[in-house]
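Visitor: coordinates only, sequence not included:
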DNA sequence: CTAAAACCTGACCAACTGGACAGCTTTCAG
DNA sequence: CTGAAAGCTGTCCAGTTGGTCAGGTTTTAG
């Protein structure tokens, strides 16, 4: 249900037209799903937004569910590519700073993707359960191991690695998911955060998290 | 559109029956809205879940939007009552610890409420814009002032107070909104976090945030 | 006991939902 | 130049949506 998206068409090398339209549709679908969630999204609205007749979307993606899964896959794929891998051999201060900066850049540049993922999780992750079941636990243990190595080497405070990771995720993702509330609190017009806002946020997070983890903080 | 919910019925002291049924309906609606968002929620499903005919819900709440607004109001009201107010005169270590503990308890005991709020914000807060416009900026400035006072007294590191607050919100709310992902990462069966998990999370957050803010940390 | 107010609901409706499909046009390899 | 594959879409459909309403029953105040 999750991995194969192209089971209903020959695809393969595929045509240029196909790529173009799939791209347009996925972009429109991202916006719609981010605004209304899976159930609330309307194929008609996605079609209008993409500038294509509704039937065309069904031609490419077969069903609403398959389109949604394609959008989710597109997001997870992008995140996987962009996210910095933490290196146990490296200096935690450097590694964590790079990670936080990368996640903040993601929050800034792809807030919609983050929101779709967020809404999916909040709704109980009905379409990501297999994703979480598959090798997620093992993957996550690999992530925590890095922190355990750092702690064993005395490079950072002894903490529960899992919750340190959750803090990294939550504090950065917040700037994508809750941008609306943040811009209201900061009194930003038109609900648009500027680059300077993200930079201040990053600086604050770096200070608190690096220092809080007992990691050497860079001279500010 | 937001404040008055009872414009279509005499209400006032109202009957006992009314209270009971409104309560049942709001509970069912919370579950449905948390799972599907506003647009994705179905009045029929809410009715079934509440054990009442659909028309009965319209009798009490008039429309889907009014029901949703009632649910949101119910949530905001509860949060307002339960949330600890930070005191500029107090010790930041004590105050922040109390606040973090209070928010974590909220995340643990009312995750659904948190999720409805989260989905609403992620969707661009279409029905909370007035709430954010009304006196939100001023209220928020009052909150940041507390941190500025602490900083001026040298009780904590100089940081952007707004982003410190965002960190408090995000890191705690994450345990309600993303419980699904967290339980998957921790390998918890049936997606249920236990009290011990929340306690470990709270300890980790307290350590990092208090230390990271340059506030005296309690002996652990 | 009475009557008015509150409560309740089955049946109905127009609008919209995701999806199916026949038959059209365009593209492109051989 | 040709024919098959790919691309495209107007039209239809059954099911669901939020919402209405007439007419019923129960509750309750006087």
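Guide: Okay, I see it. All figures in this text were calculated on a predicted structure; none of them were measured in a lab.
Visitor: Select the longest helix from chain A.
Guide: Longest helix of chain A, by residue count under DSSP state H: helix A:16-40.
Visitor: residues of the lowest-mean-pLDDT helix or strand in chain A that come out buried?
Guide: Lowest on mean pLDDT, DSSP states H and E among the helices and strands of chain A sits helix A:129-134, with a mean of 90. By neighbour count on 16 or more other C-beta atoms under 10 Å in any protein chain shown, the buried set for helix A:129-134 is A:131, A:132. Just so you know, the C-beta spots here come from the backbone N, C-alpha and C atoms, and that holds for glycine as well.
Visitor: One more: stretch A:136-148?
Guide: Buried-residue list, stretch A:136-148, by 16+ other C-beta under 10 Å: A:136, A:140, A:143, A:144, A:146, A:147.
Visitor: again with stretch A:43-56
Guide: A:43, A:45, A:46, A:47, A:49, A:50, A:52.
Visitor: what's the answer for stretch A:33-45, then?
Guide: Per 16+ other C-beta under 10 Å, stretch A:33-45 contains these buried residues: A:33, A:34, A:35, A:36, A:37, A:38, A:39, A:40, A:41, A:43, A:45.
Visitor: One more: stretch A:70-85?
Guide: Quick answer for stretch A:70-85 (16+ other C-beta under 10 Å): A:70, A:71, A:72, A:73, A:74, A:75.
Visitor: List of residues touching that stretch?
Guide: A:2, A:5, A:26, A:29-30, A:33, A:61, A:95, A:98-99, A:102-103, A:106, A:110, A:113, A:116-117, A:120, A:127-128, A:131 (C-beta atoms under 8 Å, 6 or more residues apart in numbering or on different chains).
Visitor: Mark which of these are buried, thanks.
Guide: A:5, A:26, A:29-30, A:33, A:61, A:95, A:99, A:103, A:106, A:110, A:113, A:116-117, A:120, A:127-128, A:131.
Visitor: ok, the residue most central in space within chain A - contacts?
Guide: Nearest residue to the geometric centre of chain A (C-alpha atoms, centre = their mean): residue A:114, 4.2 Å. Taking C-beta under 8 Å, 6+ apart as the criterion, residue A:114 is in contact with A:106, A:107, A:173, A:176, A:177.
Visitor: Select only the buried ones of the residues you listed in PyMOL?
Guide: One line in PyMOL is enough to select the buried ones among the contacts of residue A:114; burial here means 16+ other C-beta under 10 Å:
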select buried, chain A and resi 106+107+173+176+177
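Visitor: burial count for residue A:164?
Guide: As a burial measure, residue A:164 scores 25 neighbours (other C-beta atoms under 10 Å in any protein chain shown).
Visitor: didn't it look like it was pressed against residue A:213?
Guide: Yes: here residue A:164 lies in contact with residue A:213, judged by C-beta atoms under 8 Å, at a distance of 6.7 Å.
Visitor: Just give me the closest of the buried residues of stretch A:136-148 to residue B:200.
Guide: Taking C-beta to C-beta as the measure, residue A:144 is the one of those closest to residue B:200, at 12.9 Å.
Visitor: I'd like the distance between that closest one and residue A:80.
Guide: Separation of residue A:144 from residue A:80 (C-beta to C-beta, to the nearest Å): 18 Å.
Visitor: How about residue A:158?
Guide: From residue A:158 to residue A:80 the distance is 30 Å (C-beta to C-beta).
Visitor: same thing with residue A:133?
Guide: Residue A:133 is 17 Å from residue A:80, by C-beta to C-beta.
Visitor: Common neighbours of residue A:164 and residue A:213, please.
Guide: residue B:208.
Visitor: Contact residues of chain A facing DNA strand C?
Guide: Chain A comes close to DNA strand C at residues A:15-17, A:41-45, A:54-55, A:58, A:62-65, as judged by C-beta under 7 Å from any atom of the strand.
Visitor: Report the two of the residues you listed separated the most.
Guide: Pairwise over those, using C-beta to C-beta, the maximum falls at A:16 and A:42, 28.4 Å.
Visitor: what ranges do the helices span in chain A?
Guide: A:16-40, A:43-50, A:54-61, A:64-82, A:92-109, A:111-122, A:129-134, A:136-152, A:161-177, A:179-186, A:195-212.
Visitor: Contacts for the second one, please.
Guide: Same thing as helix A:43-50. By C-beta under 8 Å, 6+ apart, helix A:43-50 touches A:21, A:24-25, A:27-29, A:31-32, A:53-54, A:56-58, A:64, A:67.
Visitor: pLDDT below threshold where in chain A?
Guide: Counting by pLDDT under 70, chain A contains low-confidence residues at A:1-15, A:217-220.
Visitor: tell me which residues in stretch A:197-204 are buried?
Guide: Applying 16+ other C-beta under 10 Å to stretch A:197-204 flags A:197, A:198, A:200, A:201, A:202, A:204 as buried.
Visitor: ok, the fifth one touching residue A:100?
Guide: Yes: here residue A:202 lies in contact with residue A:100, judged by C-beta under 8 Å, at a distance of 6.6 Å.
Visitor: that older thread, show me what the longest helix of chain A is packed up against.
Guide: helix A:43-50, helix A:54-61, helix A:64-82, helix A:111-122, helix B:16-40 (3 or more C-beta pairs under 8 Å, 6 or more residues apart in numbering or on different chains; DSSP states H and E).
Visitor: That one near DNA strand D anywhere?
Guide: Yes: residues of helix A:16-40 contacting DNA strand D under C-beta under 7 Å from any atom of the strand: A:17, A:18, A:21.
Visitor: Enumerate every residue touching the last one.
Guide: Translated: residue A:21. A:50, A:52, A:56, A:60 are the contacts of residue A:21 under C-beta under 8 Å, 6+ apart.
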